[in-house]
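In: got a sequence here, can you build the structure:
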Amino acid sequence: MRPASLFALVFLALLQASTVHAADGTTSDEHEAAALEVLSLIGIDEGVQPMMARMRDTTVAQIAALDVAEGEEQIAAPYLDRIAGIIEDTLSWERLRADFVAAYTEKFSEDELRTLATFFRSPVGAKYLANVTELNRLAMEIVRAKALAAAPEIRVITEELQAALPADPAT
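Out: Now for the predicted structure:
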């Protein structure tokens, strides 16, 4: 499955120098269609469903675990179903689509969106999309490892700072 992440466009967004929009902030049907094509190519439309299911399952499980005593599951079930329904309705692609289109048409001109679509249909673009989730995971691991490696040095400097400060803040 293609990634459902806005990170898919981060490096391309940084390369864009400017975006052209209508003066009143409106977009044309063609501009919106170009945004929908990019969103489809990067898999956001497909990725919403599993994300919503995970959120629904996690939320319902957390509420059930915290508030429902053993033997009261039948009482809680209709309420948990209602909560799940709200999550599904709120996070459905139909509900999110207009907001995603607005975000993309605000950040990218129609021509830029068409260029992105062409890129994502290319072999390199397809390879990028196939690997972007793993690349983002690796990026987080790299940052985490570097931060952990720096922690002891930061701790020493923090201790030095504490020692350098007067013992009584009033002095």
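In: I figured residue 51 hits residue 92, correct?
Out: No - counting by C-beta atoms under 8 Å, residue 51 does not reach residue 92; the two are 11.1 Å apart. Heads up, the C-betas are built off the backbone N, CA and C, glycines and all.
In: just checking, what packs against the strand or helix carrying residue 155?
Out: Residue 155 belongs to helix 123-164 when assigned by DSSP states H and E. Packing partners of helix 123-164 (3 or more C-beta pairs under 8 Å, 6 or more residues apart in numbering; DSSP states H and E): helix 110-121.
In: what mean pLDDT does the helix it packs on have?
Out: Mean pLDDT, helix 110-121: 96.
In: show me which parts of that helix are buried, residue by residue.
Out: 110, 112, 113, 114, 115, 116, 117, 119, 120 (16 or more other C-beta atoms under 10 Å).
In: which other helices and strands contact it?
Out: Helix 110-121 packs on helix 29-41, helix 123-164, going by 3+ C-beta pairs under 8 Å, 6+ apart.
In: how far off helix 123-164 does the following helix or strand past the shortest one point, in degrees?
Out: Under the assignment DSSP H and E, the closest C-terminal helix or strand after helix 29-41 is helix 44-67. In this structure, helix 44-67 runs at an angle of 40 degrees to helix 123-164, with axes from the mean of the first three to the mean of the last three C-alpha atoms, to 10 degrees as the basis.
In: got the buried residues for the next helix or strand after helix 44-67?
Out: For helix 44-67, the following helix or strand on the C-terminal side (DSSP H and E) is helix 73-90. For helix 73-90, a neighbour-count test (16+ other C-beta under 10 Å) marks 76, 80, 83, 84, 87 as buried.
In: by pLDDT, rank these and give me the bottom one.
Out: residue 76 (78).
In: thinking again about what came up before, how about the helices and strands packed on helix 110-121, which one is nearest residue 61?
Out: helix 123-164 (24.0 Å; C-beta to C-beta).
In: run the chain-centre distance for that closest one.
Out: 18 Å (C-alpha atoms, centre = their mean, to the nearest Å).
In: make CSV out of the buried residues of helix 110-121 and add distance to residue 129.
Out: Below are those laid out as CSV (distance: C-beta to C-beta, whole Å):
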residue, distance to residue 129
110, 21
112, 17
113, 15
114, 17
115, 15
116, 11
117, 12
119, 10
120, 6
